[in-house]
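Peer 1: Sequence plus the predicted model coming up.
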Amino acid sequence: MTTTAPLPGPALRTPASASAHRVLAVARRHWLVLKRSPHRFFDVLVWPLVDTLLYGSIGLFAAQAAEKAGGNPSTTAAVTVYLLSGTVLWHLVHQTQISLATGFLEETWSRNVLGLLATPMRDWEYLAGVGLFALVRTAASTTAVATLAFAAYAFDVTELGIGLIPVAALLLACGWSVALLVVGLVLRYGSGAEALVWGALSVVMPLSGVFYPVSTLPAALRPIAEVLPTTHVFAAGRELAAGKDMPWRELLLAAGGTCVLILFSLYALSRMLRTFRRRGLVTRYS
């Protein structure tokens, strides 16, 4: 009796390697979309650099005017530092949220949602792939902002010290959480909710005290601002920019609020995704 040798072919993947392959495939798919659409680099590089020039120049002008009026030089210089540190940190959370949310919108624009549901890809694998792409896009945008801030205004973001690591991590987590919530709303309510992709953080920005302490807000809005985890992250960033010790209280409050926000976003997304599937709302994108 003779035996037949197995046909040559690719080695079978383990479940873990198959998941990693699908995650990387999603990230590569979105990278190719960005690469082949040069106009999409406006959000990644042009707009962040415009913000840096705008707020950096405003801060420098305010500092120069205050110094001419006899103000304390160290106090007036802090205005520029606060504005530039706020700009760099803001683009961390902003680019993360925009990149993840528009990554999903790309599937709706290209009518690919039904195709995704027909694949063996799991929900978390798709989110991980888009999140990986968003991380790369955020890194490129933030690096450009930090480089221009250093070249044009001599502001070195690394002077925030090791405290920059938890601050950046919390901002990334906040950005992802808001993006997941927005994606859920788009799934549930359709293209009419797409405006939230660009508008959600615009509401959060003034309440979070990106460039100023929340004590300057109207009294009726301060309790709302104190609940937001981003408020405490930016407060920690300002303390680090001022050369103070590690703001543990602000970081702990921010970490607790971020955990609550993540859990709420995941719960809301799962509920809206179940409704999306149960009611057959995918027909909106087919």
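Peer 2: Received, thanks. Numbers count the residues shown, from 1 in each chain.
Peer 1: switch to C-alpha atoms for all contacts and neighbour counts from now on
Peer 2: Noted.
Peer 1: Do a quick rundown of the helices in the stretch 1-150 of the chain.
Peer 2: Per DSSP state H, counting those that start in this stretch, the stretch 1-150 of the chain carries helices over the ranges 15-35, 41, 47-68, 73-109, 113-117, 123-153.
Peer 1: From G237, how far off is L160?
Peer 2: 8 Å (CA to CA, to the nearest Å).
Peer 1: tell me the pLDDT at the closest residue to G103 other than its chain neighbours?
Peer 2: Counting by CA to CA, 6 or more residues apart in numbering, the nearest residue to G103 once its immediate chain neighbours are dropped is V130, at 6.2 Å. According to the per-residue confidence, V130 scores 91 in pLDDT.
Peer 1: more neighbours, L160 and G237?
Peer 2: More neighbours surround G237 than the other of L160 and G237, with 28 against 20 (other CA atoms under 10 Å).
Peer 1: The more buried one and S85 touch, don't they?
Peer 2: Yes - using CA atoms under 8 Å, G237 makes contact with S85 at a distance of 7.4 Å.
Peer 1: Count the neighbours of the residue nearest to G103 for me.
Peer 2: One way to gauge burial is a neighbour count; for V130, by other CA under 10 Å, it gives 26.
Peer 1: do A193 as well
Peer 2: As a burial measure, the neighbour count of A193 was computed by other CA under 10 Å and equals 15.
Peer 1: from what I can see it touches L181, true?
Peer 2: No - counting by CA under 8 Å, no contact exists between A193 and L181, whose distance comes to 11.1 Å.
Peer 1: any idea where the strands of the stretch 151-286 of the chain begin and end?
Peer 2: Using DSSP state E, counting those that start in this stretch, the stretch 151-286 of the chain contains no strands.
Peer 1: so where is it shaky, pLDDT-wise?
Peer 2: 286 (pLDDT under 70).
Peer 1: Helices of that one, residue ranges please.
Peer 2: Taking DSSP H, counting those that start in this stretch as the criterion, the stretch 151-286 of the chain carries its helices at 164-189, 195-207, 222-227, 229-241, 248-278.
Peer 1: Show me what counts as buried in the last one.
Peer 2: So that's helix 248-278. Neighbour-count burial for helix 248-278, counted by 16 or more other CA atoms under 10 Å, picks out 250-251, 253-255, 257-259, 261-262, 264-265, 268-270, 272-273, 276.
Peer 1: Helix 123-153 and that one, what's the angle between them?
Peer 2: 140 degrees (axes from the mean of the first three to the mean of the last three CA atoms, to 10 degrees).
Peer 1: Also the fourth one?
Peer 2: Here helix 229-241 runs at an angle of 40 degrees relative to helix 123-153 (the same axes, to 10 degrees).
Peer 1: Just name whatever secondary elements helix 229-241 is in contact with.
Peer 2: Under the contact criterion of 3 or more CA pairs under 8 Å, 6 or more residues apart in numbering; DSSP states H and E, the helices and strands touching helix 229-241 comprise helix 73-109, helix 164-189, helix 248-278.
Peer 1: Also the longest one?
Peer 2: Judged by 3+ CA pairs under 8 Å, 6+ apart, helix 248-278 is in contact with helix 164-189, helix 229-241.
Peer 1: Which among those is found nearest to V44?
Peer 2: Ranking those by distance to V44, with CA to CA as the measure, places helix 164-189 first at 15.2 Å.
Peer 1: Buried residues, the closest one. List them.
Peer 2: Neighbour-count burial for helix 164-189 [16+ other CA under 10 Å]: 164, 166-168, 170-188.
Peer 1: if we can go back for a sec, next, format the helices and strands packed on helix 248-278 as JSON lines and append distance to A118.
Peer 2: What follows is these, written out as JSON lines (distance: least, CA to CA, whole Å):
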{"stretch": "helix 164-189", "distance to A118": "16"}
{"stretch": "helix 229-241", "distance to A118": "37"}
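Peer 1: Good, we can wrap up now.
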